[in-house]
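K.L.:
Quick one: sequence and predicted model below, then my questions.
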Amino acid sequence: MADFRGFLCWTPETAAATINTEAVSPSRAVFLATHAPLRIRRAGLDGRAIVSDGPLIDENTVLKDFLSLQSDTGALLLPIVGDSGTGKSHLVRWVRENLPPSDKYEIIYLEKAKTSLRAVIDALLADADSGALTQLRADIDRFTDSVDAATLSRRLVNALSEALAATTARDVPQHARPLAGPRGLTVVLQDPHVSAFMLEEGKFIPRLAKQLLQDRAEGEMDRPMAFTMDDLPTDLLDLHRAAQITIKLINVISGSTQLQQAAVDLLNQHLEAAVKRVASLGAGRLQDAMLQVRQEFARKGKEIILLIEDFALIQGVQRDLLDAVIEAANRYGSTTLAPIRTLMAVTTGYFSDLPETALTRVRATAGYVYNLNVPFTRDDRGESEITSFVGRYLNAARVGRDALEREGERQVLNPCETCDLVSRCHEQFGVTSEGFGLYPFNPSALVRTIHSTAPRNDPYAFVPRTVLGSVIRPVLVDHAGALAEGIFPDARFRTQFPTADIDEPLSTDVQEVVEAEDHLDADRRKIVLEFWGGAPDHAGALPSAVAEAFALEARTFSGASATHRKPRGVPTTEPPTTDELPPSLQAKVRAVDDWLTREHVLQQAVALDIRTVIATAVAQRHRWVNPLMREQTQTTIRAAWPSNARVVSIEGASENIQGAGTAPIKFKRTARNSRYLRSVLLLKNGHPAQRAEHVRRLSTDADHYTASLTAALQRNLQITDDDLVLGLRAALIGAALAGLAWPGIDEAELLTVAFADGRSWARQDAADREGAWSRTLEAHLHYRLPLVERLRDALGVAQGDGKPRLIDAARALPLLRRAAALWDWQVTASEVPEWVKPAVTNFANWTSLVHAQNASLRRKLDDVRRHHPRGTTGAQVLAAVREALLAAENASIPVPLATRTDITERLARAQNVDWKVLTQLEDELLRAEEPEASNAARIISAVRDRGVTTQVVSGLLQASDAWLTSALAHAASRTNSHGDEAARGVQELLTEWRSLSTPKED
């Protein structure tokens, strides 16, 4: 038995080459093989309005009408009216292909794809010849060859400007008078800045210029037919660059929709004249040419058949052409012009703008138009017509363009007839009355995908171009790979084909069963059940061939979701039915249903209600103990945990807000979540939840997401772990500036100084500190209290009246270790929390501060070592100074009282300091000055508070040295023997003093 799994009875390449959305694209064989009867209605006219109550007819009737209707003027005009894509061009093509051969007719066919001026003129004048016609063709050829699209665009703007400048107030409605004349709309086109906007790529003028010069390329989007409001320069961002008169007029136009429409009407009214002016087609030249053509064929006894694929696209010649084709053939009892029968396709909107002379001719001859805006009926007949239309194209895709063209007009091949799967395929996927299988569609899938792509305001509309271009071709070409791989229909299919409002969606009950029991392909199975299964009320209601073709596991499903069954013996409060709810709540509940079943965007008001309930539930369950935190105000909580998409993200809701992608709470579009969110709405409005489990889920979710609330608060308050590490590091560096912390000290001491407010801190060695160091410390201490308070708030809990706090050491110590791992401030300003910034002024220069302080300490130490070299003791220095004082006194060398008092006081202070500090300082500086010294060694030597030792000792040594030097000079000046002896005594003392400055050898 043949395998249906991933079966393709076509190739994507063949389908793409065969299925065309334009009637003029396929060859005759492909066109006839894919032609299906159109829905055509004869529609009368009421003024310019189309009265859609006439009978439905077929193509053969149109052909018969067209060839048999007689006009007393010899000019028959039959419009085919319909919206874009309804098959107007297809019907014109069908008439052409089915015209009986006859020598009496001269057929002129204006194809939709050949709408350049050259192509239109060539088609109209192809079989007629005269000097004037030859000149006209030559002029158009020369015009087309001598200008490019950019140049033509500029000429069109200039021609339009000239035409608008010539208008008067009488030419426009009263409300549009500001647009008329030389100071009206023409000034906008003349302004270089505005004209540059209108000449931008993609705007109407450049696209029109391209259309006039080039035929339409295959696959090219629909060409523009006229100006629209989007082409007006009403939203220029740099309008100030324009002239003042232009700015004033544009502002007036921008403020009035009525005036904007008047501007568009005025531009379109003069567009054809502008085109004829730049193409040298003015003064009715084309109309004269067409009348000559009719005269020539009248002499030959022929009747002209003029078929126009799309009248709106024949830019620049429409009015002249219309005037020529409605000109009476019979004049003064004789036929001077060839009779002409014109069948032209025209959009509904363009038809209403046709000149009154043309509409008069339609009313006077047939009296009706052919209206293709006819939706399929909702009954089996309508479905049959849809499947018949699509079946022909599916068959053509299987056969391929080449094979169809080889067969010509013989019997159309049907590959289904030789397929091993035909019986099962046609039974479960469906078949048309012509025997063409609908695979990979079935009738339900076809109708639903067509409804899905129809206009929202006309869901039953059947637009052939849309069906081919948006349904058949994408599935056969774009989705063929997914089908072959066993992953069709996938998420892309669901996006392309949302459930139409007129179709019943797959119920929440069935979706819930599928989600609960199909853990492999729930999403695909739900799509298949809705589109191919027709949204059944049971998850197992799927034809076996459909499941097999789409690689869905064959399985049985329960009748209802297990979570939906009420446990026996458990009393519950039954929730009200939807119809029992207040109207406003009914609407919200249905919005949740549509969010799931129709994949509608969830209304903002409904999403807000849901988010508010869930976000509030989480906030109410927060206990502030893990980690320890001070309880925050509701204002602070709402700022960090708002009821919006940053906290609660709902798939398929409108979430145009930064941060929605990283929301901690997310709801996928599932049946389970749909049920839950319905209950959330019910609970918010004081009604019982739909299921008891939803109350439990709300409680569980609230507990689960308290950690997310904590994280959000920490982010909002800037007290995340990273923030606190920076805060602690700032506190440690501040303590280091104060001489109370440095690398390597005990963790307990680190913890103490990190949380100390610093109000009692003062360095004893302030005199030895560099100015920048002292200023940085002073600035830090000024803001240290709020810094530490924030750290205590974040890492502690209040006691009693809220002032003392216990520090959460379990959380604080790891952060403190991270902070102490790097004694530096290499961070950018954006990384620093706002509450830390005031306390870290100049911290960016921390390394420079350390270096400068060490250099200063080295200089001070070197000054001390000049008189107190390493190896001498403080006691020796003190003894030497005292002996010098005594010797001077004995030698009668006068010592000024102030000097004696100063040195005595300095001796007393030096007696009380620890001279070993100098050795410790020297050792630390030596370690800091080693080439490979660590950053910690440099910091330690710079930050330690060594008290007043260095200052006291240095002051004593400098004062003593100055006094002894003065004493020696005084002694040397003595001339008597006693003076000589005193001089020798002082000299000996100085020698002994100098000896203290000489380093001892070990």
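P.N.:
Ah, there it is. Numbers count the residues shown, from 1 in each chain.
K.L.:
residue ranges of the strands in the stretch 351-500 of the chain, please?
P.N.:
In chain order, the stretch 351-500 of the chain shows strands spanning 368-371, with DSSP state E, counting those that start in this stretch as the criterion.
K.L.:
Also the chain?
P.N.:
With DSSP state E applied, the chain shows strands at 40-46, 49-51, 56-57, 75-82, 105-110, 303-308, 330-331, 334-335, 340-347, 368-371, 648-650, 665-667, 796-798, 805-807, listed in chain order.
K.L.:
Can you tell me the strand partners of the first one and which way each runs?
P.N.:
To tie it back to what came earlier, the one meant is strand 40-46. strand 49-51 (antiparallel), strand 56-57 (antiparallel), strand 368-371 (antiparallel) (DSSP bridges).
K.L.:
in that strand, what counts as buried?
P.N.:
40-45 (16 or more other C-beta atoms under 10 Å). Yep, even glycine has a C-beta here, placed from its N, CA and C like the rest.
K.L.:
Just name the closest of the residues you listed to Met290, please.
P.N.:
Leu45 (25.1 Å; C-beta to C-beta).
K.L.:
Isn't that closest one up against Ser52?
P.N.:
No - in this structure, Leu45 sits apart from Ser52 without contact. The criterion is C-beta atoms under 8 Å, and the distance is 11.0 Å.
K.L.:
Select, out of the strands paired with strand 40-46, the one closest to Pro642.
P.N.:
Using C-beta to C-beta, the nearest of the strands paired with strand 40-46 to Pro642 is strand 49-51, at 53.4 Å.
K.L.:
what's near enough to touch Trp761?
P.N.:
If a contact means C-beta atoms under 8 Å, 6 or more residues apart in numbering, then Trp761 has 738, 740, 781 as its contacts.
K.L.:
Likewise for Val147?
P.N.:
Counted by C-beta under 8 Å, 6+ apart, Val147 has contacts 155, 213.
K.L.:
Could you report the distance from it to Glu162?
P.N.:
Noted for Val147: a distance of 18 Å to Glu162, by C-beta to C-beta, to the nearest Å.
K.L.:
for Leu724, same thing?
P.N.:
Counting by C-beta to C-beta, the gap between Leu724 and Glu162 amounts to 74 Å.
K.L.:
more neighbours, the two?
P.N.:
Shown here are Leu724 and Glu162; by other C-beta atoms under 10 Å, Leu724 has more neighbours (24 against 16).
K.L.:
Would you confirm that the more buried one contacts Arg792?
P.N.:
No - Leu724 is beyond contact range of Arg792, at 11.2 Å (criterion: C-beta under 8 Å).
K.L.:
Can you give me the neighbour number for Gln634?
P.N.:
Using other C-beta under 10 Å: Gln634 sits among 8 other residues.
K.L.:
Check Ser27 too.
P.N.:
Residue crowding around Ser27 was assessed by other C-beta under 10 Å; the count is 15.
K.L.:
Quickly list what Ile57 is bridged to.
P.N.:
In this entry, Ile57 is beta-bridged to Ile40, by DSSP bridges.
K.L.:
about what we covered before: including mean pLDDT, could the strands of the chain go into CSV?
P.N.:
Shown next, in CSV, are the strands of the chain (pLDDT from 0 to 100):
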stretch, mean pLDDT
strand 40-46, 92
strand 49-51, 89
strand 56-57, 92
strand 75-82, 94
strand 105-110, 92
strand 303-308, 94
strand 330-331, 73
strand 334-335, 76
strand 340-347, 94
strand 368-371, 94
strand 648-650, 96
strand 665-667, 97
strand 796-798, 70
strand 805-807, 76
